[in-house]
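> for reference, the sequence and a predicted model appear below.
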Amino acid sequence: MKLQKHLALLFTFFVFCATAALAQDDAAAAPAAAAGHDAAPQSILDVILHGGPMIILIWLCIVVTSITMVTFIIQLILTLRKDKLAPKTLVDALHNEINAGNYQAAWETCDANNNYLANVLEAGLARIGRGKEAVEDAVAEHSLREATVLRTRNSYLSVIGVVSPMIGLLGTVIGMLGAFSKLGQSGISDPRGLSTSISEVLMATAAGLFIAIPAFIAYYVFRNRIQMVIVYADDQINQLLQDIPYEELAGLRIGENFEAGAGVPAVGASGSRRVSMALTTNCPVCNGAVTPGVNPCPHCGSTLDWAG
């Protein structure tokens, strides 16, 4: 909410400045018209039409650039929020499923959601049977990928901040060429007309700066915001993964190729699982309750080798 208020105040300030500048131009042009002089164009539209096809094209580029900037700013405001990258309801649901040992259910929950936390955690859960190091590598790889997507969207604001003054400067240069061409033909007999033409072409540069300044401010604000929300989401992911017993889950397949009975067979057991009747009545594969002597496991179908 603070970010939205600051950007709203920023845009209000620039709109106020532009409105004041236009009002001042209108007030300055009125006495000239009353005195019988040729009135300068009274609006931005008049200036654009008075400049010719090239100026019209340049101003069209400025308008498109400004609309693009506003679109990116609105999109980033709606996206760069903690409840978007790591929704609390999703974090709570995943916490309950992981603590209960329902890793496949946690993976399916991540697969059903499309946000930073779900996409990164889904990749980590898919490698849970390969050990802690593999899970950490997957999380680091996908967090970098998701963060790059967020930073790429913000980088467009920096591009707009660089390009928009160049577009305005191009309009100014083209307008100045026309103004000095008239000066070369008619001389300096009409200094008022020359100054009016120069003031018209400088409006293109002013428009480019009007876009570039808020674009750069928004870029740096969102850059810091991205870093903050990514740190928050990564912290939530680390908390979800920190208590997983990776040694007990060796060989477990999670994801689209889920197999409840998958695991690493005991050495020399020919694919069967050795279980002590005196110490446990839980299946070593799925951790389900098993009556001693029952074979196979009624929950996951694994073959159990009961030892006396």
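On my side now, so go ahead. Everything quoted here is computed from the prediction, not taken from an experiment.

> now for the strand or helix carrying Ala106, which elements pack on it?
Using DSSP states H and E, Ala106 falls within helix 103-111. Packed against helix 103-111 by the contact rule (3 or more CB pairs under 8 Å, 6 or more residues apart in numbering; DSSP states H and E) you find helix 88-99, helix 116-125. To be clear about C-beta, it is placed using only N, CA and C from the backbone, and glycine gets the same treatment.

> kindly reformat these as CSV containing distance to Leu170, mean neighbour count and mean pLDDT.
Compiled in CSV, the helices and strands packed on helix 103-111 are given as follows (distance: least, CB to CB, whole Å; neighbours: other CB atoms under 10 Å; pLDDT from 0 to 100):
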stretch, distance to Leu170, mean neighbour count, mean pLDDT
helix 88-99, 48, 15, 92
helix 116-125, 39, 24, 93
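
> now those as CSV including distance to Ile167?
Below are the helices and strands packed on helix 103-111 laid out as CSV (distance: least, CB to CB, whole Å):
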stretch, distance to Ile167
helix 88-99, 43
helix 116-125, 34
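
> looking at the ones you listed, which is nearest to Phe72?
helix 116-125 (18.4 Å; CB to CB).

> residues in contact with the helix holding Ala106?
Applying CB atoms under 8 Å, 6 or more residues apart in numbering, the contact partners of helix 103-111 are 90, 93-94, 97-98, 117-119, 121-122, 125-126, 128, 244, 249, 252, 254-255, 258, 260.

> if we use 10 Å, what do you get?
Helix 103-111 is contacted from outside by 90, 93-100, 102, 117-126, 128-129, 240, 244, 249, 252-256, 258-260, using CB atoms under 10 Å, 6 or more residues apart in numbering.

> same check, this time on stretch 75-88
1, 3-4, 7-8, 89-90, 93-94, 113, 115-121, 146, 150, 153-154, 156-157, 218-219, 221-222, 225-226, 228-230, 232-237.

> do that again at 8 Å, thanks
Contact with stretch 75-88 is made by 3-4, 7, 113, 115-117, 150, 153-154, 218, 222, 225-226, 229-230, 232-233, 236-237, as judged by CB under 8 Å, 6+ apart.

> angle of the helix ranked longest in the chain against helix 116-125?
For the chain, the longest helix by residue count, based on DSSP state H, is helix 132-186. For helix 132-186 against helix 116-125, the angle by axes from the mean of the first three to the mean of the last three CA atoms, to 10 degrees is 140 degrees.

> so the helix or strand following helix 132-186 versus helix 116-125, what angle?
Sequence-wise, the next helix or strand downstream of helix 132-186 (DSSP H and E) is helix 191-241. Note on geometry: by the same axes, to 10 degrees, helix 191-241 and helix 116-125 are set 40 degrees apart in direction.

> what's the angle between helix 191-241 and helix 103-111?
Between helix 191-241 and helix 103-111, the angle comes out at 170 degrees (the same axes, to 10 degrees).

> elements contacting helix 191-241?
So helix 191-241, by 3+ CB pairs under 8 Å, 6+ apart, packs with helix 2-34, helix 44-51, helix 53-79, helix 82-85, helix 88-99, helix 116-125, helix 132-186.

> rounded mean pLDDT for the second one, please.
What it means is helix 44-51. Average pLDDT, helix 44-51: 59.

> ok so, going back, give me the PyMOL select line for the contacts of stretch 75-88, limited to the buried ones.
With 16 or more other CB atoms under 10 Å as the criterion, this PyMOL line picks the buried residues out of the contacts of stretch 75-88:
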select buried, resi 3+7+115+116+117+150+153+154+218+222+225+226+229+230+233+236+237
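
> any idea how far Ala134 is from Ala123?
10 Å (CB to CB, to the nearest Å).

> and Gly161, how many neighbours?
Gly161: 22 surrounding residues under other CB atoms under 10 Å.
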